[in-house]
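> The following block contains a protein sequence and its predicted model.
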Amino acid sequence: MSDALLVLEPALLWERFFELTRIARPPKEEAAAREHVLAWAAARSLESAVDDEGNVVVRVQAARGRENAPVVVLQAHLDMVCERDPASPCGPRDGRIDVRVEGDWVRANGTTLGADNGIGIAAMMALAEDAALPHGPLELLMTVGEEVGGEGVGASGLDPSLVTGATLVNLDSEEDGKLTVGSASSTDTSIRVEKPREARDPGAVTLSVTMGGGLGGHSGVDIARGRANAIKVLARALRETLAVAPFRLVSLDGGKSWNAIPRDATAICSLPAEGEASFRGAVETAAATIRDAYSTTDPDLAISVTPPTDAADAWTTDATADLLDLVAVLPSGPLAMSPDFQGLVERSTSVGGAVTDGPRLKLHSLESAKAQ
């Protein structure tokens, strides 16, 4: 186990958590984590089952004297948001998380840590192993696909026969010392816009415009911090540039996780060779305004222009303007504040992904509502 966690108590919990940091577990790719849990259960003679969706239950017998207690279901999710600083040598998608202990906090160096919800999984495993902890019969429910959500995914697609308990305690929360009665909700919105493309103009150059250095964060927890959404900010810079230096959009891509504020986004633009200097100047002017606007929340935000590989075609001039306008009008941020609790975001939305697919631009937004 990492030396960084050796000093922490309870030791069994942190040991199980550290094991999870060595396993790649992006949403919908939890097979390795699921096999890890099943092997752990089998080694301890604990009964387990898996439904068609990939959700797992591990059944733990009651401690002596608690056999008649009602069955309690403990639930957490196996998957995690896999984000990384582009400069980091680590990567959660490869099961490489550099765990650090900094004061009272356990953190990851250059990547997401995966405590959401690895610490919940680890807590359930540690509870099952610790003979000193009295409990009734338990069903440890470990669901999948939580970080992407959607109808029929993970807990939404749970086979009801997998669990028998009538009381469920969810171990996925952001605040210590609080119990939440109720449920947060989210709505996925996917927009697919198809626009005409044409061959690149003779003699045109293609330039890559990249927005990077944003702090990002969770699209629910951090949405009110005013941080830059790289997809939105890049589109803003390109709209301002388009008014000064004409170009055609070849592609626009950004965001790695739907429920994370995008830290990076890249657009490839096709423009007349004689307009390159004007284009670069306009991008820098827009970038300076944007850097000033986000100097407090995202001090390392930067826009760079570099030559990309060749491009065969691009969206038309009108299509370019339409697509940039679309990204500009998509809401991203708090939508409603709670009238009862000062500073609490009640509803929010975040543009979490942009993908170019031939003549189509695909955009994904995740709307969240807070639990009560």
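Sure, I can see it. Residues are numbered from 1 along each chain as shown.
> Spit out the contact partners of the residue lying closest to residue 118 once chain neighbours are set aside.
Here the nearest residue to residue 118 in space, its sequence neighbours aside, is residue 20; by Cβ to Cβ, 6 or more residues apart in numbering that works out to 4.3 Å. C-beta coordinates here come from the backbone N, C-alpha and C atoms, glycine included. Taking Cβ atoms under 8 Å, 6 or more residues apart in numbering as the definition of contact, the neighbours of residue 20 are 33, 36, 114, 118, 121-122.
> Please identify which pair of these lies farthest apart.
Based on Cβ to Cβ, the longest span within the contacts of residue 20 runs between 36 and 114 and measures 13.1 Å.
> Please identify which of these two sits among more neighbours.
residue 114 (24 against 20; other Cβ atoms under 10 Å).
> For the more buried one, give me phi and psi.
The phi/psi pair for residue 114 (degrees, to the nearest 10) reads phi 90, psi 10.
> same thing with residue 6?
For residue 6, the backbone dihedrals (degrees, to the nearest 10) come out as phi -60, psi -30.
> Residue 18 versus that one, what's the distance?
Noted for residue 6: a distance of 10 Å to residue 18, by Cβ to Cβ, to the nearest Å.
> now residue 316
Applying Cβ to Cβ, one obtains 53 Å for the distance of residue 316 from residue 18.
> now swap in residue 284 and tell me
When Cβ to Cβ is the yardstick, residue 284 and residue 18 sit 45 Å from each other.
> The two: which has the busier surroundings?
The neighbour count for residue 284 versus residue 18, taken as other Cβ under 10 Å, is higher for residue 18 (20 against 14).
> what pLDDT does that one get?
pLDDT for residue 18: 94.
> and the one helix or strand it maps to, which residues are buried?
Under the criterion DSSP states H and E, the helix or strand holding residue 18 is helix 11-21. When neighbours are counted by 16 or more other Cβ atoms under 10 Å, the buried residues of helix 11-21 are found to be 13-21.
> Quick one: name whatever helix or strand follows it.
Tracing the chain C-terminally past helix 11-21 and defining elements by DSSP H and E, one meets helix 31-43 next.
> centre of the chain versus that following helix, how much separation?
Averaging C-alpha positions (Cα atoms, centre = their mean, to the nearest Å) puts helix 31-43 24 Å from its chain's average.
> pull the longest helix from the protein.
Selection of the longest helix in the chain by residue count, based on DSSP state H, yields helix 276-293.
> by contact count, what packs against that helix?
In terms of contact count using 3 or more Cβ pairs under 8 Å, 6 or more residues apart in numbering; DSSP states H and E, helix 276-293 is assigned the packing partners strand 204-212, helix 230-242, strand 302-306.
> and the last one, which residues are buried?
Put plainly, it is strand 302-306. By neighbour count with 16+ other Cβ under 10 Å, strand 302-306 contains the buried residues 303, 305.
> Mind listing the strands that strand pairs with, and their directions?
Using DSSP bridges, the neighbouring strands of strand 302-306 in the sheet come out as strand 204-212 (antiparallel).
> Give me the average confidence score over the partner strand.
96.
> Thank you kindly, that will do.
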